[in-house]
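Peer 1: Attaching a predicted model along with its sequence, questions to come.
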Amino acid sequence: MSTSILSLKSVTMRFGGVTALNDVTFDVKEKEILGLIGPNGAGKTTVFNVITGVYHITSGSIDLQGKSISGMKRYKITKGGIARTFQNIRLWGDMTALENVMTATDTHKRSGLVGGLFGSPVSRREEKRDKKRAQELLDFIGIGEYADRLARNLPYGVQRRLEIARALGTEPKLILLDEPAAGFNPAEKVELAKVIRKIRDAGYTILLIEHDMSLVMKVSDRVVVLDFGQKIADNTPQKVQDDPRVIEAYLGVPEDAS
Amino acid sequence: MINLRDKGAAIWENQGRFGRIGIALGAMTVAAALPFMGGTILNTPIADYESVLVYPIAMFVLMAIGLNIVIGKSGLLDLGYVAFFAIGAYTMGLLGTRTGLNTWEILPIGIAMAMFSGIILGVPALKLRGDYLAIITLGFGEIVRIVALNLGTLGRSEGIINIPTPPGIFGIEYRFDSHRIYYWTLLMLILLAIWMVRRLSVRRAGRAWESIRQDEDAAELLGVPTFKYKVWAFVLGASVGGAAGVFYASKTLFIAPDNFTLQISILILACVVFGGMGNIWGVILGAVILGYLPDRIRFISDARLLVFGLVLVIMMNLRPDGLLPRKKREKVLPNKEKP
Ligand SMILES: Nc1ncnc2c1ncn2[C@@H]1O[C@H](COP(=O)(O)OP(=O)(O)OP(=O)(O)O)[C@@H](O)[C@H]1O
Ligand SMILES: [Mg+2]
């Protein structure tokens, strides 16, 4: 129905002898929430890492809106419209929540160091605009009141959400969320589901890694399942849940047990 | 231990605009008045008090501010900072003796030379991280000194003599023994450097450096052109070192490779670490103390490096963040959370 924003074609990623991704192909369509699930070590985070340029794929191709991004510098991929959060929170702890987001909003600034030093009009205007934007994003994610707190002193749940606000700061088209609900209690998960939908409704496309099945199935429009680096399903949440291969992967029936 | 940083920050934050201007002016007045305190308890028995104010104190302060951009702000361990000091000094020495250019004309050239060598060193070296970067910069510092030692134009081990003093401006004469004039000029350079660093710290560059220092990979993945900003940190640090070098040569009138040993890099590093990496006031305080004490207390002067080493070891154990650690205490938001 709609066009795809990101497409992975036959992506293979090997680390020495370990094949973390094996011939993985899937598309992310504009303005959808695509769930990416799979057992531990299936290769989900590796998918994020190859998309964002942390690793260079062994073979295959990754296109953002029809243009190849494999081999591009990481910050350029981000500037091109992909931002992510981290499975293990990686905020800049010595900066305030607002500064964390502002560092991300700097991505699209025209003025740089020299403009900042001499207080050029562009620099001053951008600084003011981005400060406002950063606060808006914090409010949008529901953590506006923590703006001036140091990231490292924030409660765990706020840190997780700050990661999302920071990623949104780069004005991505596509946002990659790596287990944003890890460690959340059921109430917090419900909250987060709302936030994720809100983000999509604001016009972003979301690729979501999440272990909590009920959460993924509830928010995703479509779900891709990985197992041992291979894609074993790509379908609506309902169909995926009924897929025998998926059930087998999750129940962990060893292949050589039969 | 008492938290000087937070006390100071609290006083500063509670001042209005005029209070702050008052504090700043007061501090500048005290700094500017130091040459007149020679007869007091501050006097240095080891060396001429006023010349101590110029070198090491003011020079150390200037260089520590420069090195702090590299190490404190961006977290890049540069063990060869003396190279930029040397390049500034030799630019002054060479051009000052061979051409008709005077110190004020050479100053921007020396700064440009230092910045340029910052790029030459930074571009390959900043692809590396941590220990590797430290080793390369260490090597660079030595290479610059060894080049000076072997190049005929640079006078080999004899160095360069008869470097001219700065020509007078605004009716002020720079005689080699009018230390306080040099001292006040250096204060201006220091103010300029402080202005630059403070200005950059609160803008995009400051955030970029801070994010690089704390988590470089995360920074790059959130759109920070990390390499570019690391090179910038190097180049700006170099510019301050170069300026110090030009001025140093124009003060001592004689330079030789021996003035630019690894020891200087280590001393400046010690000032930064001792004072508080990343906090410009801490760094200045550190440089003042480490520059001053050896000439105040004879015992320290004799065993300078040993004492510095001990101080650093003790500091690392008691106060690993230095005398005045980098921020941050959080801002309290009185009207938001309380009813
Ligand atoms: N840099 C690396 N070097 C070597 N092996 C790696 C590297 N990164 C990932 N792997 C391997 O690739 C496989 C997939 O790891 P990945 O982190 O992508 O799993 P995951 O699906 O995110 O798991 P989890 O649910 O536990 O987060 C694992 O076997 C892992 O050991
Ligand atoms: Mg993972």
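Peer 2: In hand now; what should we look at? Numbers count the residues shown, from 1 in each chain, chains lettered A, B, ... in the order given. Ligands and ions are numbered 1, 2, ... in the order given.
Peer 1: make it CA atoms for all contacts and neighbour counts henceforth
Peer 2: Noted.
Peer 1: report the longest helix in chain B, please.
Peer 2: helix B:226-252 (DSSP state H).
Peer 1: Next, please give the residue ranges for the helices of the stretch 151-300 of chain B.
Peer 2: In the stretch 151-300 of chain B, the helices defined using DSSP state H, counting those that start in this stretch lie at B:179-201, B:204-214, B:216-221, B:226-252, B:262-275, B:280-296, B:298-302.
Peer 1: what number of residues lie near the closest residue to residue A:106 other than its chain neighbours?
Peer 2: Closest residue to residue A:106 apart from its sequence neighbours, by C-alpha to C-alpha, 6 or more residues apart in numbering or on different chains: residue B:204 at 6.5 Å. By the criterion of other C-alpha atoms under 10 Å in any protein chain shown, residue B:204 has 28 neighbours.
Peer 1: Please, which helix or strand holds the residue in the stretch 1-150 of chain A that chain B sits nearest to?
Peer 2: Distances between the stretch 1-150 of chain A and chain B by C-alpha to the nearest C-alpha are smallest at residue A:75, namely 4.2 Å. Following DSSP states H and E, the helix or strand that holds residue A:75 is helix A:74-80.
Peer 1: Flag every residue of chain A that's near ligand 1.
Peer 2: With C-alpha under 6 Å from any ligand atom as the criterion, chain A meets ligand 1 at residues A:15, A:20, A:39-46.
Peer 1: Which two of those residues have the greatest separation?
Peer 2: Spanning the widest gap among these are A:15 and A:39, at 19.0 Å by C-alpha to C-alpha.
Peer 1: out of those two, which sits in the busier spot?
Peer 2: residue A:39 (17 against 11).
Peer 1: list the contacts for residue 215?
Peer 2: You didn't say which chain, so I picked chain A. Counting by C-alpha atoms under 8 Å, 6 or more residues apart in numbering or on different chains, residue A:215 makes contact with A:189-190, A:193.
Peer 1: Hmm, no, I was thinking of chain B.
Peer 2: Residue B:215 neighbours (C-alpha under 8 Å, 6+ apart): A:90, A:92.
Peer 1: Please tell me I have it right and the residue nearest to residue A:106 contacts residue A:104.
Peer 2: No. Counting by C-alpha atoms under 8 Å, residue B:204 stays clear of residue A:104, with 9.9 Å between them.
Peer 1: May I have the predicted confidence score for whatever residue of the stretch 151-300 of chain B ends up closest to ligand 1?
Peer 2: Nearest to ligand 1 in the stretch 151-300 of chain B, going by C-alpha to the nearest ligand atom, is residue B:217, at a distance of 13.6 Å. In this model, residue B:217 is scored at 96, pLDDT.
Peer 1: and stretch A:242-258, what's its mean pLDDT?
Peer 2: Mean pLDDT, computed over stretch A:242-258, is 74.
Peer 1: My error: substitute stretch A:114-134 in the last question.
Peer 2: Average pLDDT, stretch A:114-134: 92.
Peer 1: okay, that stretch in PDB with CA atoms only?
Peer 2: C-alpha atoms of stretch A:114-134 as PDB (Å, rounded to 0.1, in the frame of the first residue of the first chain):
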ATOM      1  CA  VAL A 114      33.000  29.600  14.400                       C
ATOM      2  CA  GLY A 115      29.400  30.900  14.200                       C
ATOM      3  CA  GLY A 116      28.900  29.900  17.800                       C
ATOM      4  CA  LEU A 117      32.100  31.600  18.900                       C
ATOM      5  CA  PHE A 118      31.300  34.900  17.400                       C
ATOM      6  CA  GLY A 119      27.600  34.700  18.100                       C
ATOM      7  CA  SER A 120      26.500  34.900  14.400                       C
ATOM      8  CA  PRO A 121      22.800  35.700  14.000                       C
ATOM      9  CA  VAL A 122      22.200  32.300  12.400                       C
ATOM     10  CA  SER A 123      23.900  30.600  15.400                       C
ATOM     11  CA  ARG A 124      21.900  32.500  17.900                       C
ATOM     12  CA  ARG A 125      18.600  31.900  16.100                       C
ATOM     13  CA  GLU A 126      19.300  28.200  15.700                       C
ATOM     14  CA  GLU A 127      20.300  27.900  19.300                       C
ATOM     15  CA  LYS A 128      17.100  29.500  20.500                       C
ATOM     16  CA  ARG A 129      15.000  27.400  18.100                       C
ATOM     17  CA  ASP A 130      16.600  24.100  19.100                       C
ATOM     18  CA  LYS A 131      16.300  24.800  22.800                       C
ATOM     19  CA  LYS A 132      12.600  25.200  22.300                       C
ATOM     20  CA  ARG A 133      12.400  22.200  20.100                       C
ATOM     21  CA  ALA A 134      14.300  20.000  22.600                       C
END
